[in-house]
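*Asks:* I would like to see how this sequence folds:
(one chain, ligands or ions: 1)
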Amino acid sequence: MKKIAIFASGSGSNAENIIRFFENDARNQVVGVFCNKPDAYVLVRAERLGVPAFVFGRDDFYRTGAVSDKLKALGVDLIVLAGFLWKVPDDILADFPNRVINIHPALLPKFGGKGMYGERVHRAVIAAGEKESGITVHYVNGRYDDGAAIFRAVCSVAPDDTPETLAAKVHALEYAHFPQVIKEVADNL
Ligand code: GRF
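*Replies:* Below is the predicted model:
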């Protein structure tokens, strides 16, 4: 049984989708939701879905090792970032080599990096006149949105698309593909 931890900072629609996907999976289990925002809606989703949640602050993540200790106590095999906005510290990356993955709502390496999240990404894609956008699932390293790509899915950018309508197309790709990509990574650990 591979144990998965989900890190999220916001709404958690991807986290919910992933948790539901693995509810009937005999080989993998979501053992916790880790969140750096005490008021994030992902915590409401986790409680409703019966998944333990761990709220933490910067000291827990970057100084005391409390998050790292919790991951090890849970026996986590794979860390999944699903709308998590902090950089993962080097000690956790070292403890989980090629076992931290992230989803970005654009076709990296374009439209990624520090501060590029949520509607800002879709606004930048439209402003750049791109004809396509999509999602990139990638391994996490010490730089934002920079690790080796694992999976991409593409959608069109229509002339009348707004950041909101493009976000909806990209979210649809996330929900359709991310859980299966996670499963393929977990099953091959
Ligand atoms: C998603 O668009 C994901 O690609 C990005 O953060 C967003 C999280 O949305 N990394 P949600 O919190 O899962 O609804």
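*Asks:* Return the per-residue confidence for the residue most central in space within the chain.
*Replies:* Centroid-nearest residue in the chain: Ala82, 2.0 Å away (criterion: Cα atoms, centre = their mean). In this prediction, Ala82 carries a pLDDT score of 98.
*Asks:* mean confidence for stretch 122-141?
*Replies:* The model assigns stretch 122-141 a mean pLDDT of 98.
*Asks:* do stretch 175-189 as well
*Replies:* On average, the pLDDT along stretch 175-189 is 98.
*Asks:* Is the ligand within reach of that stretch?
*Replies:* No. Counting by Cβ under 6 Å from any ligand atom, the ligand is not contacted by stretch 175-189; separation bottoms out at 8.1 Å. C-beta coordinates here come from the backbone N, C-alpha and C atoms, glycine included.
*Asks:* Wait, a strand at Lys87?
*Replies:* No. Per DSSP: H, G, I helix; E, B strand; the rest coil, Lys87 lies outside any strand segment and is coil.
*Asks:* how close does it get to Thr162?
*Replies:* When Cβ to Cβ, to the nearest Å is the yardstick, Lys87 and Thr162 sit 30 Å from each other.
*Asks:* same deal with Glu132?
*Replies:* Distance of Glu132 to Thr162, computed by Cβ to Cβ: 16 Å.
*Asks:* Could you pull out the strands in this protein for me?
*Replies:* Counting by DSSP state E, the chain has strands at residues 2-8, 28-35, 53-55, 78-81, 100-104, 132-139, 149-156.
*Asks:* Enumerate the residues of the protein near the ligand.
*Replies:* So far as Cβ under 6 Å from any ligand atom goes, the chain lies against the ligand at 8, 10-15, 82-83, 103-105, 117, 174.
*Asks:* Over in this protein, which residue gets nearest the ligand? Let me know.
*Replies:* Residue nearest to the ligand within the chain: Gly83 (2.6 Å; Cβ to the nearest ligand atom).
*Asks:* That residue contacts Asn17, doesn't it?
*Replies:* No. With contact defined as Cβ atoms under 8 Å, Gly83 does not count as touching Asn17 (11.3 Å).
*Asks:* neighbour count winner among the two?
*Replies:* Gly83 (23 against 17; other Cβ atoms under 10 Å).
*Asks:* how about the helix ranked longest in the chain: buried residues?
*Replies:* Among the elements of the chain assigned as helix by DSSP state H, the one spanning the most residues is helix 163-187. Under the neighbour-count criterion of 16 or more other Cβ atoms under 10 Å, helix 163-187 has 163, 166-167, 169-170, 173-174, 177-179, 181-183, 185-186 buried.
*Asks:* How about stretch 109-120?
*Replies:* For stretch 109-120, by 16+ other Cβ under 10 Å, it's Lys110, Phe111, Gly112, Met116, Tyr117.
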